[in-house]
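J.: The following block contains a protein sequence and its predicted model.
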Amino acid sequence: MTTLITNGTVVTATDMTRADVLVDGERIQAIGEGLAGWVKGSGADGSVSADTVIDATGRYVMPGGIDVHTHMELPFGGTFASDDFATGTAAAAWGGTTTIVDFAVQSHGESLAQGLDAWLEKAGPKSHIDYGLHLIVREINDRILREMDTMIDRGVPSFKLFMAYPGVFMLDDASIFRAMSRTADNGGLIMLHAENGGAIDVLVQRYLAEGKTAPVNHGLTRPSSMEGEATHRAIALAELAGVPVYIVHLSSREALTAVREGRDRGVPAYAETCPQYLYLSLDDLARPGFEGAKFVCSPPLRPADHQADLWRGLVTDDLQVVSTDHCPFDYKEQKILGKDDFSAIPNGLPGVEDRYTLLWDGGVAAGHISPTRFVELIATAPARMFGLYPRKGTLAPGADADIVVFNPDAERTLSAGTHHMRVDYSCYEGRKVRGLPEVVMQRGNVLVKDGKFHGQQGAGRFLERSRFGPGTA
Ligand SMILES: [Zn+2]
């Protein structure tokens, strides 16, 4: 089965060239000018006889997106994220993302393997696209530390620890430092949710006691100074352990400053931000009535003046990745759990479908970043950092044929009425964007084309990822 994508502009993290892409089976066979002439079985007249030809005139041909931060059907606060691996990965594909790395969760008292196995069982039969897993580690002891090594051997080399949510996920500094020290030996990567959970919890209780229960108080009780503090502490601990560290969903100027200062003194500190922190703000959390609940996530949306700093961070490479932290909850059925208490609103936003186009529209079309930088942020850097490169994250001979044919001129309006995520609202309702992933392929199979979905539940494969190493990022 061969597919020839002709006449498009091929974009990688380093180059932008007018070229054809030839896909043979699951992989890219060749990229170059005028490939049509030598496709297997072509007629002597140079006519194309690939099984399928896709005309990409006026289109960009780019790697499928890699979203390294999703939470399909995550249990949270007595409910579950509304997208499961079937609906969530279909929505991802519609939006141009062909690989996710989701988070398996260790339960208290259970092993890491039990968490991993449970998530493999959930994802395997359902996922439309390829997926890897990180592990959320909720407790650190000698047994868990040893088990981290085994997880790495099973293709799970990244571990997320929390400095927030006391009593649920939060670990103390000693535990974080012990885990980091272990990765100095086993080559794993520690990812941190960096917010000072202790101080935040005191504020939350104080606000509730004062009768401040509306959604905006979620933002006001989690000030950016407490993200900055925790980010600085995380990087200092990593420096002490002599290991790289990755800050998830960085949302604020203070946290970015901590990352930049760490990097400037030579610490291998990395960070991702998410579209919600680039496009939405505390004003959304403060929408009238209970509507702000649609925008409750942690860290919270910040005052709008943080956005310019985050965009600058993407340009200067102090931020290396844009992921989504996709974790949707229905407004009517689930967010409502916090009607009289903002701290009971399930934390999380939908976003897996919108990332590719949002970053293109606000980044490339708006003139903040180049198409090559776009590809780096959306696919190449996450692939490198999380052990998927060069099989994923770029367009090159031998790489998986995970390809997006992107129409930069298509204009559309984001809306819950037209999105494919299983959630009853859109954070970007009514927002006009430029750009549409018209054709989305994974390993040579068409998932989306002509406005139709051709994917197959269970066709996604578990990706055993290699460990983080110097020079990979
Ligand atoms: Zn998350």
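T.: Perfect, thanks for sending it. Numbering: from 1, shown residues only.
J.: C-alpha from now on. contacts and neighbour counts both.
T.: OK.
J.: number of nearby residues for the nearest residue to residue 81 once chain neighbours are set aside?
T.: Leaving out its chain neighbours, the residue that sits closest to residue 81 by CA to CA, 6 or more residues apart in numbering is residue 73, at 4.4 Å. By other CA atoms under 10 Å, 21 other residues sit near residue 73.
J.: Just to check, residue 73 is in contact with residue 82?
T.: Yes. Here residue 73 reaches residue 82: they are 6.0 Å apart, a contact under CA atoms under 8 Å.
J.: What does the pLDDT read for the residue nearest to residue 81?
T.: pLDDT, residue 73: 95.
J.: before we move on, what about residue 216?
T.: Here the pLDDT value assigned to residue 216 is 98.
J.: same thing with the one 4 residues further on?
T.: What the model reports as pLDDT for residue 220 is 98.
J.: same check, this time on residue 469
T.: For residue 469, the pLDDT comes out at 59.
J.: mind checking how far the lowest-mean-pLDDT helix or strand in the chain is from the chain centre?
T.: Lowest by mean pLDDT, DSSP states H and E among the helices and strands of the chain is strand 75-76, with a mean of 88. Chain-centre distance of strand 75-76: 18 Å, with CA atoms, centre = their mean, to the nearest Å.
J.: what ranges do the helices span in the protein?
T.: 85-94, 112-123, 142-153, 173-186, 197-209, 216-220, 224-241, 253-264, 275-279, 282-285, 307-316, 355-359, 371-375, 381-385 (DSSP state H).
J.: Adding mean neighbour count and distance to residue 412, write the ones you listed out as a markdown table.
T.: A markdown table is the format used below for the helices of the chain (neighbours: other CA atoms under 10 Å; distance: least, CA to CA, whole Å):
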| stretch | mean neighbour count | distance to residue 412 |
| --- | --- | --- |
| helix 85-94 | 27 | 14 |
| helix 112-123 | 18 | 31 |
| helix 142-153 | 16 | 42 |
| helix 173-186 | 19 | 44 |
| helix 197-209 | 16 | 39 |
| helix 216-220 | 25 | 30 |
| helix 224-241 | 22 | 33 |
| helix 253-264 | 20 | 31 |
| helix 275-279 | 22 | 17 |
| helix 282-285 | 21 | 22 |
| helix 307-316 | 18 | 23 |
| helix 355-359 | 25 | 10 |
| helix 371-375 | 23 | 20 |
| helix 381-385 | 25 | 27 |
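J.: quick one, which of those helices is nearest to residue 436?
T.: Residue 436 lies closest, by CA to CA, to one member of the helices of the chain: helix 355-359, at 6.5 Å.
J.: contacts for that closest one?
T.: Outside helix 355-359, the residues within contact range by CA atoms under 8 Å, 6 or more residues apart in numbering are 65, 95-97, 275, 323-324, 374, 378, 433-437.
J.: which ones among these are found in strands?
T.: Taking DSSP state E as the definition of strands, these contribute 65, 97, 433-437.
J.: got TSV for the residues you listed, with neighbour count too?
T.: Formatted as TSV, the ones in strands among the contacts of helix 355-359 follow (neighbours: other CA atoms under 10 Å):
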residue	neighbour count
65	32
97	32
433	22
434	19
435	21
436	24
437	27
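J.: what bits of this structure have low per-residue confidence?
T.: 37-49, 469-473 (pLDDT under 70).
J.: ok, the spatially closest residue to residue 249 that is not a sequence neighbour - contacts?
T.: Spatially, and ignoring its direct neighbours in sequence, residue 249 is nearest to residue 273 (4.7 Å; CA to CA, 6+ apart). Residues near residue 273 by CA under 8 Å, 6+ apart: 248-251, 310, 319, 321-324.
J.: what does residue 175 give?
T.: The contact partners of residue 175, by CA under 8 Å, 6+ apart, come to 139-141.
J.: Next, work out how far apart it and residue 159 are.
T.: 13 Å (CA to CA, to the nearest Å).
J.: Turn the helices of the chain into a markdown table, including distance to residue 447.
T.: Converted to a markdown table, these look like this (distance: least, CA to CA, whole Å):
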| stretch | distance to residue 447 |
| --- | --- |
| helix 85-94 | 7 |
| helix 112-123 | 18 |
| helix 142-153 | 30 |
| helix 173-186 | 37 |
| helix 197-209 | 41 |
| helix 216-220 | 38 |
| helix 224-241 | 38 |
| helix 253-264 | 36 |
| helix 275-279 | 24 |
| helix 282-285 | 34 |
| helix 307-316 | 29 |
| helix 355-359 | 16 |
| helix 371-375 | 20 |
| helix 381-385 | 20 |
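J.: what's the closest of those helices to residue 133?
T.: Across those, closest to residue 133 is helix 112-123 (CA to CA), at 7.9 Å.
J.: what does the closest one rub up against?
T.: Residues from elsewhere that reach helix 112-123, judged by CA under 8 Å, 6+ apart: 85-86, 104-107, 133, 135, 137, 144, 147-148, 151, 458, 462.
J.: Can you tell me the strand partners of the least confident helix or strand of the chain and which way each runs?
T.: Paired neighbours of strand 75-76 in the sheet (DSSP bridges): strand 79-80 (antiparallel).
J.: Contacts for the strand it pairs with next, please.
T.: By CA under 8 Å, 6+ apart, strand 79-80 touches 73-74, 329, 334, 346.
J.: Stretch 234-244 now?
T.: 176-177, 180-181, 183-184, 189-190, 192, 194, 245, 258-259, 262, 267-270.
J.: Figure out how far it is from the centre of its chain.
T.: Distance, centroid of stretch 234-244 to centroid of chain: 23 Å (CA atoms, centre = their mean).
J.: now swap in stretch 21-39 and tell me
T.: Computed by CA atoms, centre = their mean, the chain-centroid distance of stretch 21-39 equals 29 Å.
J.: Run through who's touching it.
T.: Stretch 21-39 has contacts (CA under 8 Å, 6+ apart) with 1-6, 18-20, 42, 46-50, 395-401, 442-445.
J.: let's go with 7 Å and repeat that
T.: By CA atoms under 7 Å, 6 or more residues apart in numbering, the surrounding residues in contact with stretch 21-39 are 1-6, 19-20, 46-50, 396-401, 443-444.
J.: Quick check: the residue nearest to residue 81 touching residue 87?
T.: No. The pair residue 73 / residue 87 is not scored as a contact, 10.0 Å apart, by CA atoms under 7 Å.
J.: ok, how many other residues are close to the residue lying closest to residue 391 once chain neighbours are set aside?
T.: Closest residue to residue 391 apart from its sequence neighbours, by CA to CA, 6+ apart: residue 399 at 4.6 Å. Here the number of neighbours of residue 399 (other CA under 10 Å) works out to 21.
J.: Then residue 141?
T.: Look at residue 141: counted by other CA under 10 Å, it has 11 neighbours.
J.: Tell me how far it lies from residue 93.
T.: According to CA to CA, residue 141 stands 39 Å off from residue 93.
J.: Report the distance from stretch 178-190 to the chain centre.
T.: 22 Å.
J.: Kindly format the C-alpha coordinates of it as PDB.
T.: Taking Å, rounded to 0.1, in the frame of the first residue of the first chain, the C-alpha atoms of stretch 178-190 are listed here in PDB:
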ATOM      1  CA  ARG A 178      14.700  10.500  46.600                       C
ATOM      2  CA  ALA A 179      12.900   9.900  43.300                       C
ATOM      3  CA  MET A 180      15.100  12.300  41.500                       C
ATOM      4  CA  SER A 181      18.200  10.700  42.900                       C
ATOM      5  CA  ARG A 182      16.900   7.400  41.600                       C
ATOM      6  CA  THR A 183      16.600   8.800  38.100                       C
ATOM      7  CA  ALA A 184      20.200   9.900  38.300                       C
ATOM      8  CA  ASP A 185      21.000   6.100  38.200                       C
ATOM      9  CA  ASN A 186      18.200   4.700  36.000                       C
ATOM     10  CA  GLY A 187      17.900   7.500  33.400                       C
ATOM     11  CA  GLY A 188      14.200   8.200  34.100                       C
ATOM     12  CA  LEU A 189      12.700  11.700  33.900                       C
ATOM     13  CA  ILE A 190      10.800  13.300  36.800                       C
END
